[in-house]
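# Next comes the sequence, and after it the predicted model I'd like to discuss.
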Amino acid sequence: MALTCRKGALFISVLVLGLGLAPLRSVWALGGLGENYPEHIWSGLERSFSNPRWLFAAGTVAALSNFDMDVKQKGSGTLLPSILADCGDWYGLGLNYLTGSCIVLGDGWANDRISKKETLEKLQYLTEAYVLTQSFTQLVKLVTHRERPDGSNRLSFPSAHTSGSFSVASSLNQFYGMSASIPTYALATLSGLSRINDNKHWLSDVLSGALLGQLLGDGFARLYHERNRPRSASGNQGVVLLVSFTF
């Protein structure tokens with residue numbers, strides 16, 4: 001019980017830290033876009049859930065939920081060595097957000113071509129996606145009231161460890177590509193597997209959390225690119241095109 005309380009306190013602290021670090025858009029920035037902050041958040045949500053691929057992914061998750069009991073019986077306590085299971089657990093509890101923030105801030109510090117404004121805006125969009133992912137996750141947990149595999153409570157669906165981790169990985173994939181997304185996707189997968197290994201989540205909990213985090217991280221990062229896409233200048237200057245690949 002004491003360990004659970006400490007984990008809960010750490011989780012809340014990370015969310016508070018995220019909200020404090022996120023540089024909310026200033027009046028001039030919002031004014032230039034003709035929107036207020038709620039409209040800005042809505043724009044990110046639209047880009048997150050307007051992606052038609054989420055319907056296919058949701059159907060796939062629903063189909064794979066038929067294997068929940070099989071995975072529980074075969075995977076509980078056997079999927080990962082204990083040290084990897086512990087690492088995945090702690091990573092999903094808040095180290096995911098701290099890792100993503102350090103990558104964004106470290107890139108801005110090391111790269112002279114990136115302005116402070118650009119770095120802080122990336123941190124803002126990363127944080128918005130992460131906080132909204134965790135908020136939606138907790139809301140769905142309360143609504144669905146699904147019992148955990150170990151019977152400890154009814155907050156199983158979806159996995160918050162997994163949703164937050166995939167939100168960070170998805171954002172970094174849009175910002176930096178494979179160099180940042182491969183290790184963070186690997187850590188996100190480890191976090192999800194650790195929850196199955198520890199008998200805290202069903203397979204469908206983990207897959208649904210991954211889908212939710214992927215959608216919101218990708219949507220807000222794409223909104224960032226749209227807001228900062230170079231525009232063609234008048235006259236005979238060329239047009240700059242940005243092409244991004246989303247996985």
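Perfect, I can see it now.
# Count the residues that sit near the closest residue to Ala160 other than its chain neighbours.
Leaving aside its chain neighbours, Ala160 sits nearest to Thr137 (4.7 Å; criterion: CB to CB, 6 or more residues apart in numbering). Heads up, the C-betas are built off the backbone N, CA and C, glycines and all. Per other CB atoms under 10 Å, the neighbour tally for Thr137 reads 24.
# pLDDT on stretch 165-181, on average?
For stretch 165-181, the per-residue pLDDT values average out at 95.
# Can you list the buried residues in it?
Within stretch 165-181, the residues that qualify as buried are 165-176, 180-181, counting by 16 or more other CB atoms under 10 Å.
# now stretch 105-114
So for stretch 105-114, counting by 16+ other CB under 10 Å, buried means 107-108.
# With stretch 53-67 instead?
So for stretch 53-67, counting by 16+ other CB under 10 Å, buried means 54, 57, 61, 65.
# need these in CSV with pLDDT and secondary structure, can you?
CSV is the format used below for these (pLDDT from 0 to 100; DSSP: H, G, I helix; E, B strand; the rest coil):
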residue, pLDDT, secondary structure
Trp54, 82, helix
Ala57, 86, helix
Val61, 90, helix
Ser65, 92, helix
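# on that earlier part again, the buried residues of stretch 165-181 in helices, which ones?
165-176, 180-181 (DSSP state H).
# Is it possible to get JSON lines of those that adds distance to Asp112?
Formatted as JSON lines, those follow (distance: CB to CB, whole Å):
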{"residue": "Ser165", "distance to Asp112": "31"}
{"residue": "Phe166", "distance to Asp112": "31"}
{"residue": "Ser167", "distance to Asp112": "29"}
{"residue": "Val168", "distance to Asp112": "25"}
{"residue": "Ala169", "distance to Asp112": "26"}
{"residue": "Ser170", "distance to Asp112": "27"}
{"residue": "Ser171", "distance to Asp112": "23"}
{"residue": "Leu172", "distance to Asp112": "21"}
{"residue": "Asn173", "distance to Asp112": "24"}
{"residue": "Gln174", "distance to Asp112": "22"}
{"residue": "Phe175", "distance to Asp112": "17"}
{"residue": "Tyr176", "distance to Asp112": "16"}
{"residue": "Ala180", "distance to Asp112": "19"}
{"residue": "Ser181", "distance to Asp112": "23"}
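# Distance of the residue nearest in space to the middle of the chain relative to Phe67?
With distances taken as CA atoms, centre = their mean, the residue of the chain nearest its centroid is Ser167 (1.1 Å). Separation of Ser167 from Phe67 (CB to CB, to the nearest Å) stands at 25 Å.
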